[in-house]
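Q: Got a predicted structure plus its sequence, pasted below:
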Amino acid sequence: MELDEITISRAITETFMKDFREAMDVEVAIGGAGPAGMAAGYYLAKEGIKTVIFERSLRPGGGMPGGGMMFNTIVVQEEGREILDEFGVSTREYEKGYYTADSVEASSAICLKAIQAGAKIFNLISIEDVMIRQNDRISGLVLNWSAVDLAGLHVDPLSIRSKVVIDATGHASEICHIVVNKLGVKLKTEGGGILGERSMWADIAERNIIDNTREVYPGLIVAGMAANAVCGGPRMGPIFGGMLLSGKHAARVAAEIIKK
């Protein structure tokens, strides 16, 4: 068979536009395809909830592929290991309660499982605003190509609608900053603002992250490192069990909101 470049180009553009149109009206939209965002997408899609994830970078995975200081190994505790087992990621016990995994394998496996469960991931797309409706409830995201943002071009964005938004944008907690700065509202945090991430204390960070993973504004949930950054928790470094557990819990919170 002789290959035709125009057929290849049409296949890409037509298939992408079909997928993108279907993603314009979903039940849950997630900002950030790091481990927490992808885990949330996996558990939501597994329950039949229409879910889309937008990642501003070229590749999904967030900080997980980099491991610790570019050593491509991560650590999880027992609860995190159980989730990696579900994703089919091999782990090794370093000593009691500490398990290591290949960071590239783990991030790739979580990405694959999320997609296979039915979550759609779009990379190279940035979130530049939120949509609001009655009572200032978050009802969707405003999107643009990451290249537009990086180039500083004035190009109008497009929007997608969702019943729930999950901010899994990591340390930057970008969606929550948009909500606070543009809407001038108070979040469900101490003092109503974004408290900011504290210095590293892995034990406390891992213990607190589930409590910090919650709805902080109507229609907006925080997950992963964004949860600790918004709620004033410390960072935890290259132990990723909390990220996975936070994503799973965020999916549970989102599903409960949708059912209401």
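A: Nice, thanks for sending it over.

Q: Burial check on the residue lying closest to residue 25 once chain neighbours are set aside, number of neighbours?
A: Leaving out its chain neighbours, the residue that sits closest to residue 25 by Cβ to Cβ, 6 or more residues apart in numbering is residue 161, at 5.0 Å. All C-beta atoms are positioned from the backbone trio N, CA, C, and that covers glycine. Other residues within reach of residue 161, judged by other Cβ atoms under 10 Å, total 14.

Q: Looking at this structure, which strand is longest?
A: Here the longest strand in the chain is taken by residue count, with DSSP state E as the criterion, and it is strand 158-167.

Q: hmm, who's touching that strand?
A: For strand 158-167, contacts defined as Cβ atoms under 8 Å, 6 or more residues apart in numbering pick out 23-32, 37, 40, 52, 130-131, 138-144, 173-176, 219-223, 226, 230, 250, 254, 257-258.

Q: Please identify the pairing partners of that strand and their relative orientation?
A: Strand 158-167 sits in its sheet next to strand 25-31 (parallel), strand 138-145 (antiparallel), strand 220-222 (parallel), going by DSSP bridges.

Q: Past the shortest one, which element shows up next along the chain?
A: Proceeding C-terminally, strand 220-222 gives way to helix 225-231 as the next helix or strand, assigned by DSSP states H and E.

Q: what's that following helix packed up against?
A: helix 35-46, helix 174-178, helix 202-212, helix 241-259 (3 or more Cβ pairs under 8 Å, 6 or more residues apart in numbering; DSSP states H and E).

Q: Swap in 6 Å and give it another go.
A: If you count contacts as 3 or more Cβ pairs under 6 Å, 6 or more residues apart in numbering; DSSP states H and E, helix 225-231 packs onto helix 202-212.

Q: how far off helix 241-259 does the helix it packs on point, in degrees?
A: Regarding helix 202-212 and helix 241-259, their directions subtend 0 degrees when assessed with axes from the mean of the first three to the mean of the last three Cα atoms, to 10 degrees.

Q: ok, now how distant is the residue lying closest to residue 155 once chain neighbours are set aside from residue 90?
A: The spatial neighbour of residue 155 that comes closest, neighbours along the chain excluded (Cβ to Cβ, 6+ apart), is residue 148 at 4.8 Å. The gap separating residue 148 from residue 90 is 40 Å, by Cβ to Cβ, to the nearest Å.

Q: Who has more neighbours out of those two?
A: Set residue 148 next to residue 90 and count neighbours by other Cβ under 10 Å: residue 148 wins out with 16 against 13.

Q: Can you check what pLDDT the model gives the more buried one?
A: On pLDDT, residue 148 comes in at 97.

Q: And residue 134, by the same measure?
A: According to the predicted model, the pLDDT of residue 134 comes to 79.

Q: how many neighbours does it have?
A: 7.

Q: how close does it sit to residue 38?
A: Distance from residue 134 to residue 38, counting by Cβ to Cβ: 31 Å.

Q: thinking residue 222 is in contact with residue 210, fair?
A: No: taking contacts as Cβ atoms under 6 Å, residue 222 lies outside contact range of residue 210: 11.7 Å.

Q: Which one's more surrounded, these two?
A: Neighbour comparison, residue 222 and residue 210: the larger count goes to residue 222, with 34 against 16 (by other Cβ under 10 Å).

Q: Show me the beta-bridge partners of that one.
A: Residue 222 has the following beta-bridge partners by DSSP bridges: residue 167.

Q: Fine, thanks again, bye for now.
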